[in-house]
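Participant: Next one to model:
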Amino acid sequence: QVQFVESGGGFVQPGGSLRLSCAGSGVTKGYYDIGWFRQAPGKEPEGLLCFSAGDGRTAYVESVKGRFTLSQDSANNTVYLQMNNLRAEDTAIYFCATTLRRYSCGPAGSLDSATYRGHGTQVIVSS
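Facilitator: Predicted coordinates for the structure are as follows:
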């Protein structure tokens, strides 16, 4: 059974940083595509990035490119999302997901679906 548990969210002022964690079980890290998403109140989920297991590359959507970075800890089967220069519009619930497939990263830089996902962690950016 695939499970993800996100943590690391919280309250931060604009311009600040947070590092989110996504601990996975029931899935071999690095073998399938992984993505991070966020969902703001009243909005649809938005894909942020996609790690392609097929070629080992990570693509980012324009809104977070240069500010957000994915990293991975093989020993702990955990992926991290480092978020810098946070803005008020980054306020949302953030969650990680996988499709249990390869080659499922879309052209815009997000995973094509959040088939298996965690419950998420809340990020609030406010002064």
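Participant: So, low pLDDT: which residues of the protein?
Facilitator: 29 (pLDDT under 70).
Participant: Please tell me how far the residue nearest the centre of the chain sits from Ser127.
Facilitator: By C-alpha atoms, centre = their mean, the chain has its centre lying nearest to Trp36, at 2.0 Å. To Ser127, Trp36 is 25 Å away according to C-beta to C-beta, to the nearest Å. All C-beta spots, glycine's among them, are computed from the backbone N, C-alpha and C.
Participant: ditto for Cys105
Facilitator: Distance from Cys105 to Ser127, by C-beta to C-beta: 35 Å.
Participant: quick one, which of those two is more surrounded?
Facilitator: Using other C-beta atoms under 10 Å as the criterion, Cys105 and Ser127 rank with Cys105 on top: 26 against 6.
Participant: Quick one: residues contacting that one.
Facilitator: Neighbouring residues of Cys105 by C-beta atoms under 8 Å, 6 or more residues apart in numbering: Asp33, Gly35, Cys50, Phe51, Ser52, Ala59, Leu111, Asp112.
Participant: rerun that using 7 Å as the cut-off
Facilitator: Asp33, Cys50, Ser52, Ala59, Leu111 (C-beta atoms under 7 Å, 6 or more residues apart in numbering).
Participant: And the strands in this structure?
Facilitator: 3-7, 10-12, 18-25, 34-39, 46-52, 57-60, 68-73, 78-83, 92-98, 116-117, 121-125 (DSSP state E).
Participant: Just checking: what are the partner strands of the last one?
Facilitator: Which is strand 121-125. Its sheet considered, strand 121-125 pairs with strand 10-12 (parallel), strand 92-98 (antiparallel) by DSSP bridges.
Participant: Dump those to a markdown table, plus distance to Ser25 and mean neighbour count.
Facilitator: Shown next, in a markdown table, are the strands paired with strand 121-125 (distance: least, C-beta to C-beta, whole Å; neighbours: other C-beta atoms under 10 Å):
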| stretch | distance to Ser25 | mean neighbour count |
| --- | --- | --- |
| strand 10-12 | 24 | 14 |
| strand 92-98 | 12 | 24 |
